[in-house]
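A.B. asks: generate coordinates for the sequence data below:
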Amino acid sequence: MCSPNHNKGLSLSPNLEIMIDDDSPNSEQLLEVEDNELENECRKLFEIDGIERENERDETTVVDSRSGESQGKDYPPPVVGMEFDTYDDAYNYYNMYAKEIGFAIRVKSSWTRRNSKEKRGAVLCCNCEGFKTVKEASSHRKETRTGCLAMIRLRLVESNRWRVDEVKLEHNHSFDPERAQNSKSHKRMDSGTKRKVEPTLDVEVRTIQLYRTPVVDASGYGSSNSAEGGISGNFNCSRRLKLKKGDPELISNYFCRSQLMNPNFFYVMDLNDDGQLMNIFWIDSRSRAAYSYFGDVVAFDSTCLSNNYEIPLVAFVGVNHHGKSILLGCGLLADETFETYIWLFRAWLSCLAGRPPQTIITNRCKAMQNAIAEVFPRVHHRICLSQVMQSILGCFVQSQEYEAFQMALTKVIYDSKTVEEFERAWDDLTQHFRIRNHEKVQTFHEEREHWAPVYSKDTFFAGISDYEKGEFVVPFFKGHVHQQTTLKDFFEIYELVQQKKHKTEVLDDFESCDLSSLLKTRCYYELQLSKFYTNAIFRKFQDEVMMMSSCFSITQIQINGSTVTYMVQEHQGEENVRDPKNFVVVYDKAGAEVRCICCCFNFKGYLCRHALYVLNYNGLEEIPCQYILSRWRKDFKRFYVTHLSTDDVDISNPVQCFDHLYKRAMQVVEEGMISQDHYMVCWQAFKESLNKIRLVADKIE
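C.D. replies: Now for the predicted structure:
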């Protein structure tokens, strides 16, 4: 695994590091290409034979960039986020790592739960840590303490696993492998503890492993069964991306040119065992930065892949503060198997600091669904509702009752307010149309928690989903990419579409800041949010304010301390005046919290008319601040440069220094483009900084 924070790797060039990791139980392969690859290496495809058998492993070495010493690679350096099943596993791992490097370890400190002997944490350090006491120093024993700070801090977390919380790799002494071999920690290891301990990394930590699992069954699901010492016969090593003549050079040139223009451009390639290209993922700097603002809800667009387009394109799409689609990453895939999706999702997550979205919406695909459960175990995965409805209706296209069934299905899906109500309505529907035993319909019912709106009332969708009538997910490249679009045409289209979207967002920002929307009511809620929200989102909220007039009755039905439950009645159009709808709204006076059974706030990110009606009934003049989301605000400054999570930089590492300075400079550039005054201040600051740096350089010379 290559990472900017790792100071060890198989050095192929100053700017390219590749390491094959065989720590998977299925001898999985790993290939990650760092995004600062040199142009003259971009055209190379690397043939990797990384499947090693337990008894036939070649000794691979890496070079320590700090000391230049050659070291074994079986035990990679510890990183924050590593997890182990037990404390002994963690200790043995660090001990074996130390043995490879050439130092010994000891337990500096540990702590237990109060009134219990259960260990809760520990610090393992280099045995050269600290200094001898005055009494010890007077002995005839050779001084071995140097005050070394190398250590790892372990903590028992809620999952009952041991996690590495802090790591210091640097030693202030030379290594002595022979002396380390005779230390207490290494002598203590018997045959039972010499087994290779496999640290694991949670998917949400910064370092992500990009595995390519070689074992897949015929249905596209991952399989844990493999032929002993080799690969399952189900794995097709000849799988590759379908490219035309000249496409590899086209891809290489585009990626290299993009990196020359912006070093934060990221891409990673997946190769099969013959060194042929299988899958590609890339994301530009703007998209990486945009994810920090709009990565809460993401739609995975696989339209081109599932409809056999000329280019097997997939895209991660979010929604910006104007409610419009924004690109968060692209890929080209060889197929739609479980292993391919595992690779893609891990590649995407690896360049986003390991922070997954809250909600991801996809088409219906078992292989994709299983991959999401594997890579994003805590993410809300929802299936595109329009696709589900089309599939169900497709079973009855030839039926004479098609129109009646369509109306009934729509009513069941959209009008059900509770799970119990949905289940009763579904039973009535299947019984009335005699489809209770229909195999496909039964399958959809088993998956209902992934697509039925009533099961997603606590899930935030930011308006991206089609979970209410009239809303749908629009593919990001719709109208630009067609079935016959070639790869060459696509890269030209990609740049144009990105530029167009960027210009549109800038124009929307300008209109939202300089052009106030026309108020349509005297309600203060409307005036309040007109000051905060972008025009597009405000107009949608404005509709809810105007519809407050359709709510004509409110009844208090339950009181529980400071929490009051109301029943709000609403007219559903002129045709249904005599048949009003009832909406349950819960209001907590103590926390000024309100929740409607329609869950408009969760689906769209702003309060519904029923909740507003209850707030107004209780005399609240303003909408509580927790219901004004920053993702919709027009006064929130968004800078599309990669987020800096820390200022902790190793100044001896030129890569980290460049990366840190570049990102900080880009933040100044973004601020400097706000206005002419900002530009002049920015330009003057740059000139002064450059002069100061040159003065320092002159003094050194």
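A.B. asks: and the top strand by length along the chain, what does it pack against?
C.D. replies: In the chain, with assignment by DSSP state E, the single longest strand is strand 551-560. Strand 551-560 sits against strand 563-570, helix 609-617, with contacts defined as 3 or more CB pairs under 8 Å, 6 or more residues apart in numbering; DSSP states H and E. The C-beta positions use only the backbone N, C-alpha and C, and glycine is treated the same way.
A.B. asks: residues of it that come out buried?
C.D. replies: Cys551, Ile554 (16 or more other CB atoms under 10 Å).
A.B. asks: for that strand, the distance to its chain's centre please.
C.D. replies: Put simply, strand 551-560 sits 41 Å off its chain's centre (CA atoms, centre = their mean, to the nearest Å).
A.B. asks: what is the mean pLDDT for that strand?
C.D. replies: Average pLDDT, strand 551-560: 92.
A.B. asks: ok, residues contacting it?
C.D. replies: 564-571, 580, 584, 609-610, 613-614, 617 (CB atoms under 8 Å, 6 or more residues apart in numbering).
A.B. asks: and it with strand 563-570, angle?
C.D. replies: Interaxial angle, strand 551-560 versus strand 563-570 (axes from the mean of the first three to the mean of the last three CA atoms, to 10 degrees): 160 degrees.
A.B. asks: now do strand 551-560 and helix 609-617, the angle between them.
C.D. replies: Using the same axes, to 10 degrees: strand 551-560 against helix 609-617 is 70 degrees.
A.B. asks: which SS class is Gln390?
C.D. replies: Of the three states, Gln390 takes helix under DSSP: H, G, I helix; E, B strand; the rest coil.
A.B. asks: still on that earlier bit, among the helices and strands packed on strand 551-560, which comes closest to Gln387?
C.D. replies: helix 609-617 (29.4 Å; CB to CB).
A.B. asks: for PyMOL, write the select line for the buried members of the contacts of strand 551-560.
C.D. replies: In PyMOL syntax, the buried subset of these is picked out as below (16+ other CB under 10 Å):
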select buried, resi 564+565+566+567+568+570+571+580+584+609+610+613+614+617
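A.B. asks: between which two of the contacts of strand 551-560 is the distance greatest?
C.D. replies: Farthest-apart pair in the contacts of strand 551-560 is Val564 and His571; separation 23.4 Å (CB to CB).
A.B. asks: from the chain's centroid, how far away is stretch 589-605?
C.D. replies: The answer for stretch 589-605 is 26 Å, by CA atoms, centre = their mean.
A.B. asks: what packs against the one helix or strand Glu166 maps to?
C.D. replies: In this assignment (DSSP states H and E), Glu166 forms part of strand 162-168. In terms of contacts (3+ CB pairs under 8 Å, 6+ apart), strand 162-168 is packed against strand 82-84, helix 87-101, strand 151-156.
A.B. asks: so can I have JSON lines of those showing mean neighbour count, distance to His482 and mean pLDDT?
C.D. replies: Formatted as JSON lines, the helices and strands packed on strand 162-168 follow (neighbours: other CB atoms under 10 Å; distance: least, CB to CB, whole Å; pLDDT from 0 to 100):
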{"stretch": "strand 82-84", "mean neighbour count": "22", "distance to His482": "46", "mean pLDDT": "83"}
{"stretch": "helix 87-101", "mean neighbour count": "20", "distance to His482": "52", "mean pLDDT": "88"}
{"stretch": "strand 151-156", "mean neighbour count": "20", "distance to His482": "54", "mean pLDDT": "90"}
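A.B. asks: among those, which is nearest Ser456?
C.D. replies: strand 82-84 (30.5 Å).
A.B. asks: so what strands line up beside that closest one?
C.D. replies: Paired strands of strand 82-84, with direction, are strand 162-168 (antiparallel), strand 200-201 (antiparallel) (DSSP bridges).
A.B. asks: quick check: longest helix of the chain.
C.D. replies: helix 487-514 (DSSP state H).
A.B. asks: who does that helix touch, helix- and strand-wise?
C.D. replies: With contacts defined as 3+ CB pairs under 8 Å, 6+ apart, the packing partners of helix 487-514 are helix 247-261, strand 325-332, helix 535-546.
A.B. asks: buried ones in it?
C.D. replies: Residues Leu487, Phe490, Phe491, Tyr494, Val497, Gln498, Lys501, Glu505, Asp508, Asp509, Ser512 are the ones in helix 487-514 that count as buried (16+ other CB under 10 Å).
A.B. asks: what about the nearest residue to Arg364 once chain neighbours are set aside, neighbour count?
C.D. replies: Of all residues beyond its chain neighbours, the one nearest Arg364 is Ile383 (4.9 Å), with distances taken as CB to CB, 6 or more residues apart in numbering. By the criterion of other CB atoms under 10 Å, Ile383 has 22 neighbours.
A.B. asks: same deal with Tyr267?
C.D. replies: 24.
A.B. asks: for the helices and strands packed on strand 551-560, which one sits closest to Val545?
C.D. replies: helix 609-617 (6.6 Å).
A.B. asks: which SSE is immediately downstream of the closest one?
C.D. replies: Assignment by DSSP H and E places the next element after helix 609-617 at helix 654-672.
A.B. asks: tell me what that next one is packed against?
C.D. replies: Using 3+ CB pairs under 8 Å, 6+ apart: helix 654-672 touches helix 676-700.
A.B. asks: pull out the buried positions in the helix it packs on.
C.D. replies: Those would be Cys682, for helix 676-700 by 16+ other CB under 10 Å.
A.B. asks: what comes into contact with it?
C.D. replies: Helix 676-700 has contacts (CB under 8 Å, 6+ apart) with Val668, Val669, Glu671, Gly672, Met673.
A.B. asks: pull out the buried residues from the residues you listed.
C.D. replies: If we count by 16+ other CB under 10 Å, these have these buried: Val668, Gly672.
A.B. asks: and the contacts of helix 676-700 as CSV, adding distance to Tyr341?
C.D. replies: Compiled in CSV, the contacts of helix 676-700 are given as follows (distance: CB to CB, whole Å):
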residue, distance to Tyr341
Val668, 39
Val669, 37
Glu671, 39
Gly672, 41
Met673, 38
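A.B. asks: which two in the contacts of helix 676-700 are spaced the farthest apart?
C.D. replies: Pairwise over the contacts of helix 676-700, using CB to CB, the maximum falls at Val668 and Met673, 9.9 Å.
A.B. asks: export the helices and strands packed on strand 162-168 as CSV, with columns for distance to Val314.
C.D. replies: Output for these, formatted as CSV (distance: least, CB to CB, whole Å):
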stretch, distance to Val314
strand 82-84, 30
helix 87-101, 36
strand 151-156, 38
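A.B. asks: looking at the ones you listed, which is nearest to Ile537?
C.D. replies: strand 82-84 (40.3 Å).
A.B. asks: counting neighbours, what do you get for Lys242?
C.D. replies: Count around Lys242 with other CB under 10 Å applied: 12.
A.B. asks: please report the distance of it from Asp274.
C.D. replies: 15 Å (CB to CB, to the nearest Å).
A.B. asks: same check, this time on Ala150
C.D. replies: On the measure of CB to CB, Ala150 and Asp274 end up 42 Å apart.
A.B. asks: quick one, which of the two is more surrounded?
C.D. replies: Comparing Ala150 with Asp274 by other CB under 10 Å, the one with more neighbours is Ala150, at 21 against 13.
A.B. asks: tell me the contacts of the closest residue to the more buried one other than its chain neighbours?
C.D. replies: Nearest residue to Ala150, sequence neighbours excluded (CB to CB, 6+ apart): Cys126, at 4.2 Å. With contact set as CB under 8 Å, 6+ apart, Cys126 has these partners: Ala98, Phe103, Ala104, Ile105, Cys148, Ala150, Met151, His171.
A.B. asks: thanks a lot, catch you later.
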